[in-house]
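Trainee: What follows is a protein structure lacking sequence information:
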């Protein structure tokens, strides 16, 4: 039976508004979907920056779509992993784009997960003071999170995503059929961000995921389309309201990230703990810490943990086998981008399923004591 793709989601940002197209088979139809960004390359090759695995699995389909109208691709491959979000990688990519003669009116295509999207987006933000780009996210995590909203960045020795810019894409093609090639672990890691949208602001969606998460993870097309579309609609609403994270609304998207980034730092930003896995465990810790403060019932904290565990995601910090204490994890948090000039670190906590909020009265010593208890 044919799958009906959901309608496009519009990210409303005035003159910088754009569409996110969601559904099965979009990559095969890329020449049609992204025509206005491809046609200016008549007589030139179309620049596509791709994760090596994304090109392996999806490059031929994209090339075939463009070739149907006589366009050829100039490929630039990026190694998988966070190490590619570096100053050296940025320099090599921008030099390559300049060598192609990219102009401010051109669009660069990013085919891959969040690493490629972040790297390409930042390169396009600074190339000739800004050119366009089109996101073709190939992972669940990038489809529901990093490809939408315009946050672009690279990593430095001081921390993750500390050098970057807000630079919105001109179009996002979220082809859910591409997720068929995604390893199960990466699929689960992306699903953590889907759960996040339910936990932070949509109790009904969270309940739907509790009932249908298995179908989403099994890549059932209808369930997958619904989960991705619901997530993107939620993010689009938040981004439209608070594009540059100045009012505190967009900060809700960081639920689980303060704890999660500390866990990533302690495990060396490595495959030992993927970003989505860290966020999943971070959301469990945020829920349990909220319960410790008396703001969330213990039952809802454990409901959060159960939903995450049911998806095959880490839900217990002591299972990571880290040789550290709570104070050391809190020390990692001091590098968080949300740290305020007053020395206060806002925490995203919960007052209920679907009711996240920002707390500015959290004592880091208390967080360390809480983490000590979780590490036992």
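Mentor: Cool, got the structure. Note that the coordinates shown come from a computational prediction; the quantities given were computed from them, not determined experimentally. Numbering: from 1, shown residues only.
Trainee: buried stuff in the helix-or-strand element of the chain with minimal mean pLDDT?
Mentor: Ranked by mean pLDDT, DSSP states H and E, the helix or strand of the chain with the weakest confidence is strand 159-166, at a mean of 90. For strand 159-166, burial by neighbour count (16 or more other Cβ atoms under 10 Å) applies to 159, 160, 161, 163, 164, 166. (Each C-beta comes from the backbone N, C-alpha and C, glycine too.)
Trainee: Can you list the strands that it pairs with?
Mentor: strand 151-156 (antiparallel) (DSSP bridges).
Trainee: what residues does the partner strand touch?
Mentor: The contact list for strand 151-156, computed with Cβ atoms under 8 Å, 6 or more residues apart in numbering, reads 82, 85-87, 89-90, 117-122, 124-125, 161-167, 269.
Trainee: please redo it, this time with the cut-off set to 7 Å
Mentor: By Cβ atoms under 7 Å, 6 or more residues apart in numbering, the residues outside strand 151-156 that reach it are 82, 85-87, 90, 118-119, 121-122, 125, 161-167.
Trainee: and the residue of the chain most remote from its centre, which of the three is it?
Mentor: Distance to the chain centre peaks in the chain at residue 43, reaching 34.5 Å (criterion: Cα atoms, centre = their mean). The three-state label given to residue 43 by DSSP: H, G, I helix; E, B strand; the rest coil is coil.
Trainee: who's in contact with the least confident helix or strand of the chain?
Mentor: By Cβ under 7 Å, 6+ apart, the residues outside strand 159-166 that reach it are 122, 125-126, 150-156, 243-244, 261, 269, 335, 337.
Trainee: Going by neighbour count, which of these are buried?
Mentor: Buried members of the contacts of strand 159-166, counted by 16+ other Cβ under 10 Å: 122, 125, 150, 151, 152, 153, 154, 155, 243, 261, 269.
Trainee: Contact partners for the second one?
Mentor: Right, the one you point to is residue 125. Counting by Cβ under 7 Å, 6+ apart, residue 125 has contacts 152, 165, 167.
Trainee: part of a strand, is residue 50?
Mentor: Yes - according to three-state DSSP, residue 50 belongs to a strand.
Trainee: need the contact list for the nearest residue to it once chain neighbours are set aside.
Mentor: Distances taken as Cβ to Cβ, 6 or more residues apart in numbering place residue 111 nearest to residue 50, at 4.1 Å, with adjacent residues excluded. Counting by Cβ under 7 Å, 6+ apart, residue 111 makes contact with 48, 50, 54, 55, 58, 62, 136, 138.
Trainee: quick one: residue 23 and residue 8 touch, right?
Mentor: No - assessed by Cβ atoms under 7 Å, residue 23 is found out of contact with residue 8, at 9.3 Å.
Trainee: Of the two, give the one with the bigger neighbour count.
Mentor: Legend: neighbour count by other Cβ atoms under 10 Å for residue 23 and residue 8, higher for residue 23 (22 against 18).
Trainee: so how far is residue 33 from the more buried one?
Mentor: For residue 23, the distance to residue 33 equals 10 Å [Cβ to Cβ, to the nearest Å].
Trainee: In terms of helix, strand or coil, where does residue 108 fall?
Mentor: Recorded secondary structure, residue 108: strand (three-state DSSP).
Trainee: Starting from the longest helix anywhere in the chain, tell me the next helix or strand along the chain.
Mentor: When the chain is parsed with DSSP state H, its longest helix is helix 221-241. Under the assignment DSSP states H and E, the closest C-terminal helix or strand after helix 221-241 is helix 257-266.
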